[in-house]
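Trainee: sequence first, predicted model second:
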Amino acid sequence: MVGVQSAPPGFLRLAGHPLRWRLLTELARSDRQVRELTGRLGQAQSLISYHLGQLRAGGLVSVRRSSADRRDAYYRIELTRCGELLAETGLALHPGLGHPGTGSAPVPIPDMGAGRVRVLFLCTGNSARSQMAEALLGRLAGDAVEAASAGSRPKRLHPAAVQVMREYGIDISGRQAKHLDTFGGQRFDYVITLCDRVREVCPEFGGAQLIHWSIADPSGEPDTYAACRRAAAELRTRIGFLLARIRA
């Protein structure tokens with residue numbers, strides 16, 4: 001029929017490649033280094049790097065240098081962008097498939113069924129990133145999820161993190177940093193490392209799903225307040241998608 005677009009949307013052409021889809025699926029679970037993706041997918045590093053480059057060019061994947069070893073880099077999926085492109089793809093297929101807000105972090109449903117999901121966030125100092133993550137998850141999930149946080153080398157709660165959380169309507173000023181050994185032997189459904197360094201020393205939590213989010217340490221930035229705001233915004237988005245996974 002005249003006027004019908006025969007070529008599929010760019011997202012389908014980019015993400016529909018079997019290996020690229022496997023890469024996206026893997027990165028949707030956790031940020032990964034190239035060598036990790038090579039081992040998990042059983043493909044040559046040159047091939048993995050090529051397809052990661054394709055995904056980066058399409059805005060579906062980004063990369064950040066490791067703060068633990070600058071020679072390493074972590075790849076991450078841009079879930080918000082994927083959501084936007086999926087919405088556009090649905091709209092291209094049929095007007096009824098367009099859904100406002102699909103590209104935004106999902107709004108969690110307070111009641112997620114029987115049982116209480118336990119989530120532990122870990123970073124080095126437990127002074128900013130993991131404290132903000134704990135606070136945001138607690139606010140977004142309500143009583144359906146029990147959130148906790150700790151660090152490998154705990155230090156004083158950063159004032160900038162307290163200030164930024166107040167902007168979200170959350171007061172964390174009375175909280176204390178905790179060592180990750182505090183939670184040794186406890187059961188968690190998800191253990192999420194936010195720091196490249198702590199990922200390397202993270203102990204085993206039997207039965208927990210281990211996830212890594214490579215987020216820069218705000219305390220190492222010249223403008224710590226602005227860095228905390230960026231980290232909080234990223235955490236808010238990632239936690240929204242985490243809650244969608246928990247609900248599913």
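Mentor: Yep, it's here.
Trainee: ok, residues contacting the helix ranked longest in the chain?
Mentor: As assigned by DSSP state H, the longest helix anywhere in the chain is helix 224-247. Residues outside helix 224-247 that contact it (C-beta atoms under 8 Å, 6 or more residues apart in numbering) are 79-80, 104-109, 112, 117, 119, 128-129, 132-133, 136-137, 140-141, 145, 158, 160-161, 163-165, 167-168, 189-190, 192, 211, 213, 215-216, 218-221. Placement of C-beta: from N, CA and C, glycine included.
Trainee: please apply the same query to stretch 212-220.
Mentor: Contacting residues not belonging to stretch 212-220 are listed as 30-32, 64, 66-67, 74, 76, 123-125, 127-129, 158, 160-161, 192-196, 199, 224, 227-228, 230-231, 234-235, 238 [C-beta under 8 Å, 6+ apart].
Trainee: please check the residues you listed and keep the buried ones.
Mentor: Among these, the ones that count as buried by 16 or more other C-beta atoms under 10 Å are 30-32, 66-67, 74, 76, 123-125, 127-129, 158, 160-161, 192-196, 199, 224, 227-228, 230-231, 234-235, 238.
Trainee: in helices, which of those residues fall?
Mentor: Among the buried ones among the contacts of stretch 212-220, the members that lie in helices (by DSSP H) are 129, 160-161, 196, 199, 224, 227-228, 230-231, 234-235, 238.
Trainee: in TSV: those, plus distance to residue 89.
Mentor: TSV is the format used below for these (distance: C-beta to C-beta, whole Å):
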residue	distance to residue 89
129	33
160	39
161	38
196	33
199	34
224	39
227	34
228	35
230	29
231	30
234	25
235	27
238	23
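Trainee: can you pick out the most distant pair from these?
Mentor: Taking C-beta to C-beta as the measure, those span a maximum distance of 23.3 Å, between 160 and 199.
Trainee: ok, back up a step: among the contacts of helix 224-247, the buried ones, what's the PyMOL command?
Mentor: The buried subset of the contacts of helix 224-247, as determined by 16+ other C-beta under 10 Å, is captured in PyMOL by this line:
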select buried, resi 79+80+105+106+108+112+117+119+128+129+132+133+136+137+140+141+145+158+160+161+164+165+168+189+190+192+211+213+215+216+218+219
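Trainee: just the ones in strands from the contacts of helix 224-247, please.
Mentor: In strands, judged by DSSP state E, the following of the contacts of helix 224-247 are found: 117, 119, 145, 190, 192, 211.
Trainee: now do the same contact list for the second one.
Mentor: Spelled out, it's residue 119. Neighbours of residue 119 in contact, by C-beta under 8 Å, 6+ apart: 137, 145-148, 188-192, 242.
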